[in-house]
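Asks: Sequence isn't available, so here's the structure alone:
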């Protein structure tokens, strides 16, 4: 698909996912990343970005999607939303219980370091890409709100849309377009003005 996208100069969304829809719910272990779903998502998305760029896809045609609900359990979905700005940041926070080391700030030198952050070599692969979040009506919202039917998760979706916009998402994928348009407009005024 990537060579076709490059040839046609199409925009593409690179979504983080493991396995297939049938197997992804059993692939939520991020032990290779000290249990940190954000680190795992970043590392695996960076591989997809690198593959897209190597195939000739223009950087400006790539949108990143952390894959809410895809190979992530409910707690991990909320962690992605909570830490969404880190998806395309130069440095990410150390997860609780994870060793953190100082990261040199822009000016360099240890006197300008930021405690509690982890330095990773993903900056060039992920920084400044637009992000899409598709959390609309998903089951992790229903687990918190007690709404079994997806159609009843509009208000919970509104909260995730607000969190996504606050976290820097450029695009949100939703079912209830008219309602979420109002949520997005108000969120933009709160967080981006």
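Replies: All right, it came through fine. Just so you know, these numbers come straight off a predicted model, no measurement behind them.

Asks: Which residue ranges of this protein form helices?
Replies: Ranges of helices within the chain are 2-8, 37-54, 74-82, 123-126, 139-145, 154-166, 177-191, based on DSSP state H.

Asks: between those helices, which one is nearest to residue 16?
Replies: Proximity to residue 16 (C-beta to C-beta) singles out helix 37-54 among those, at 4.8 Å. Using the backbone N, CA and C atoms, a C-beta is placed for each residue, glycine as well.

Asks: hang on, the earlier thing: now render the helices of the chain as CSV, adding mean neighbour count.
Replies: Listed next are the helices of the chain as CSV, based on neighbours: other C-beta atoms under 10 Å:
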stretch, mean neighbour count
helix 2-8, 14
helix 37-54, 19
helix 74-82, 19
helix 123-126, 16
helix 139-145, 17
helix 154-166, 20
helix 177-191, 13
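
Asks: which one of those helices lies closest to residue 67?
Replies: Closest approach to residue 67 among the helices of the chain is made by helix 37-54 (7.1 Å; C-beta to C-beta).

Asks: who does that closest one touch, helix- and strand-wise?
Replies: helix 2-8, strand 12-15, strand 62-65, helix 74-82, strand 91-93, helix 123-126 (3 or more C-beta pairs under 8 Å, 6 or more residues apart in numbering; DSSP states H and E).

Asks: So what's the model's average confidence on that helix?
Replies: For helix 37-54, mean pLDDT rounds to 94.

Asks: what angle separates it from helix 74-82?
Replies: Angle of helix 37-54 versus helix 74-82, following axes from the mean of the first three to the mean of the last three C-alpha atoms, to 10 degrees, is 70 degrees.

Asks: Select, out of the helices of the chain, the one closest to residue 28.
Replies: Set against residue 28 and scored by C-beta to C-beta, the helices of the chain come closest in helix 74-82, at 6.3 Å.

Asks: follow-up on the earlier one: hey, least reliable of the helices of the chain by pLDDT?
Replies: Among those, helix 123-126 carries the lowest mean pLDDT, at a mean of 68.

Asks: Switch the helices and strands packed on helix 37-54 over to TSV; also include distance to residue 189.
Replies: Converted to TSV, these look like this (distance: least, C-beta to C-beta, whole Å):
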stretch	distance to residue 189
helix 2-8	34
strand 12-15	26
strand 62-65	23
helix 74-82	20
strand 91-93	27
helix 123-126	28
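
Asks: Of these, give the one that comes closest to residue 157.
Replies: Nearest to residue 157, of all the helices and strands packed on helix 37-54, is helix 74-82, at 11.7 Å by C-beta to C-beta.

Asks: center of the protein - which residue?
Replies: Central residue of the chain (C-alpha atoms, centre = their mean): residue 66, 3.3 Å from the mean position.

Asks: List the residues that contact the closest residue to residue 175 other than its chain neighbours.
Replies: Of all residues not flanking residue 175 in the chain, residue 136 sits nearest, at 4.9 Å (C-beta to C-beta, 6 or more residues apart in numbering). Contact partners of residue 136, counting by C-beta atoms under 8 Å, 6 or more residues apart in numbering, are 157, 160-161, 172-176, 180.
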